[in-house]
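Student: I'll drop the sequence and a predicted model, then ask my questions.
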There are 2 protein chains.
Amino acid sequence: MSKDSHTEEKIKIAAKRVFIQKGFSGCTSREIAKEAGTNVALVNYYFRSKNQLFVLIYQSVTEEFLLSMVDVFSSNITLKEKINKLVDREFEFLAKHPEIPMFVINEMSRNKNAGIEPQGILSQLGRSGIFEETLEAQKNGIMRKLDLSSIIMLVMANCQHPFMARLLNQQLNNLSDEEYSAHLVKYKEVVKEMLLNYLFIQKD
Amino acid sequence: MSKDSHTEEKIKIAAKRVFIQKGFSGCTSREIAKEAGTNVALVNYYFRSKNQLFVLIYQSVTEEFLLSMVDVFSSNITLKEKINKLVDREFEFLAKHPEIPMFVINEMSRNKNAGIEPQGILSQLGRSGIFEETLEAQKNGIMRKLDLSSIIMLVMANCQHPFMARLLNQQLNNLSDEEYSAHLVKYKEVVKEMLLNYLFIQKD
DNA sequence: AGAGATTTTAAACAATTGTTTAAAACAAAA
DNA sequence: TTTTGTTTTAAACAATTGTTTAAAATCTCT
């Protein structure tokens, strides 16, 4: 029992790493097996097929990715602090898992027809009350009148893109890995200042 | 002579479409051949190998992608108008070629070791004088003091991400293709307002 | 220790991959 | 028309793919 779940878990961990880095089409079952320290047959013994293993990984990663945002909305702080915290959380999450947005988006488009969709997030977002809270803040003149989808898109773009386009940005601005990581720390504050300035009405 | 370049061109066009949509690992030589209305042998007859054809496409697409930004900087308008125009151009370009950023970034990371890099862009950016113009505007108190790399990143993130993460955004906000396209038209103005408000000091 | 189940291994499978070959079809020039 | 070079086709190649098989090894439980 300890041995079996050991191997199964090793394969899952290896598959997650390899799938995220190279995508479904960019890797082979044997590569995953080797990364897990086993052979191909065991991959299919535990997960039936490359595709079934992929779906398992994809769903958990997508959920992890989306939930890392949503739970901020449920905390008991002001809307402005929520946006602030959301940016912090996103940068923190993406510093640890920088390839996840590209992975999720790539595989979403590869499976355009098939329906491996995360269902719970939209309803969870609804239940958080963020919708009503935004409308309230806009009615009170605290927040700029903007649909929630635009707000979400602004936050996601400014948080995710620096990690998604890391190589492109490094090349365009001639930055080493270390320089870019250091740059991101300051850049996060830029993003915060810009977003909060724009989204919320300053009263002086 | 008219027949040969006809077939060669058909293959190039098909390859560009297929590579951009599915990536190098996501498609086969035979798929490209079929898309071009020919057979596999002709693909290698004209381009020697799948990889050589890919490099050809990748380089031209990357150049097209990067040059679509740079040339705005050379025009004879104020810096604020340049940013404004840049956002317009980017949204226009990306509306026509929404998959190009993902393609370029994906293949950049797949070829991390190999060096298929666009050289001319950095020097062209230098020659445009945008560097000095930015410093000047910042010295004059017109523009917020921010390194050029952060400015470029802000513009790219807010322009590219809406197209790169289209499927994700649609699902998160429950929008159809048409609704999302319509949303982008208004969203562009949001991006412009936010960027210009943040980057330039308002004097009233 | 031994029966019964589970896990691991090595080998094989058919299908698909990128690439090459050799002959056919075609075009251009004499 | 015949010759020469180019383009196209169909078939084959070896390597790699996802997947399966069947035997070996290991574990579980009495």
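Tutor: Great, that's in hand.
Student: could you find the closest non-adjacent residue to residue A:77?
Tutor: residue A:85 (7.0 Å; Cβ to Cβ, 6 or more residues apart in numbering or on different chains). All C-beta atoms are positioned from the backbone trio N, CA, C, and that covers glycine.
Student: ok, the one you found - how many residues close by?
Tutor: The number of residues packed near residue A:85 is 14, by other Cβ atoms under 10 Å in any protein chain shown.
Student: in a helix, it, correct?
Tutor: Yes - assessed with DSSP: H, G, I helix; E, B strand; the rest coil, residue A:85 lies in a helix.
Student: what about the helix ranked longest in chain A, average pLDDT?
Tutor: What stands out as the longest helix in chain A, according to DSSP state H, is helix A:177-199. Averaging pLDDT along helix A:177-199 gives 98.
Student: elements contacting that helix?
Tutor: helix A:79-96, helix A:148-164, helix A:166-173, helix B:148-164, helix B:177-199 (3 or more Cβ pairs under 8 Å, 6 or more residues apart in numbering or on different chains; DSSP states H and E).
Student: how is chain A divided into domains?
Tutor: As given by automatic domain parsing, the domain ranges for chain A are A:1-48, A:61-199.
Student: how about the residue nearest to the spatial centre of chain A, secondary structure?
Tutor: Closest to where the C-alpha atoms of chain A average out (Cα atoms, centre = their mean) is residue A:65, at 3.6 Å. Following three-state DSSP, residue A:65 is assigned to helix.
Student: hmm, back to that, who touches the residue nearest to residue A:77 in this structure?
Tutor: Residue A:85 makes contact with A:72, A:75, A:77 under the criterion Cβ atoms under 8 Å, 6 or more residues apart in numbering or on different chains.
Student: do the same with residue A:176
Tutor: residue A:170.
Student: again, only this time at 7 Å
Tutor: Contacts for residue A:176 (Cβ atoms under 7 Å, 6 or more residues apart in numbering or on different chains) come out as none.
Student: and residue A:165, what is it in contact with?
Tutor: Contacts of residue A:165 by Cβ under 7 Å, 6+ apart are B:105, B:156.
Student: measure it to DNA strand D for me?
Tutor: From residue A:165 over to DNA strand D the distance is 28 Å, taken as Cβ to the nearest atom of the strand, to the nearest Å.
Student: residue B:163 versus that residue, what's the distance?
Tutor: Distance from residue A:165 to residue B:163, counting by Cβ to Cβ, to the nearest Å: 12 Å.
Student: repeat that for residue A:174.
Tutor: Distance from residue A:174 to residue B:163, by Cβ to Cβ: 25 Å.
Student: contact distance from DNA strand D - what residues of chain A qualify?
Tutor: A:1-3, A:27-31, A:40-41, A:43-44, A:48-51 (Cβ under 7 Å from any atom of the strand).
Student: give me that answer again for 6 Å
Tutor: Taking Cβ under 6 Å from any atom of the strand as the criterion, chain A approaches DNA strand D at residues A:1, A:3, A:28, A:29, A:30, A:40, A:41, A:44, A:49, A:50, A:51.
Student: of these, which belong to helices?
Tutor: Reading helices off the residues of chain A next to DNA strand D with DSSP H, I get A:3, A:29, A:30, A:40, A:41, A:44, A:50, A:51.
Student: from DNA strand C, how far out is the last one?
Tutor: I take that to be residue A:51. For residue A:51, the distance to DNA strand C - Cβ to the nearest atom of the strand - is 14 Å.
Student: got a list of what that residue touches?
Tutor: Contacts of residue A:51 (Cβ under 7 Å, 6+ apart): none.
Student: residue ranges with poor pLDDT in chain A?
Tutor: Residues of chain A meeting the criterion pLDDT under 70: A:1-5, A:113-119, A:204.
Student: which parts of it sit against chain B?
Tutor: Within chain A, the residues that sit near chain B (Cβ under 7 Å from any Cβ of the partner chain) are A:25-26, A:102, A:104-106, A:108-110, A:117, A:122, A:146, A:149-150, A:152-153, A:156-158, A:160-162, A:164-165, A:167-169, A:171-174, A:183, A:187, A:190, A:194, A:197-198.
Student: quick one: buried ones out of these?
Tutor: Using 16 or more other Cβ atoms under 10 Å in any protein chain shown as the burial test, the residues of chain A next to chain B include A:26, A:102, A:104-106, A:108-110, A:122, A:146, A:149-150, A:152-153, A:156-158, A:160-162, A:164-165, A:167-169, A:171-173, A:183, A:187, A:190, A:194, A:198 as buried.
Student: now do the residue lying closest to residue A:143 once chain neighbours are set aside: how many residues are near it, please.
Tutor: Of all residues not flanking residue A:143 in the chain, residue A:137 sits nearest, at 4.0 Å (Cβ to Cβ, 6+ apart). By other Cβ under 10 Å, the residues close to residue A:137 number 19.
Student: distance of the residue nearest to residue A:84 when sequence neighbours are not counted relative to chain B?
Tutor: Excluding the flanking residues, the one nearest residue A:84 by Cβ to Cβ, 6+ apart is residue A:192, at 6.2 Å. If you measure residue A:192 against chain B using Cβ to the nearest Cβ, to the nearest Å, the figure is 11 Å.
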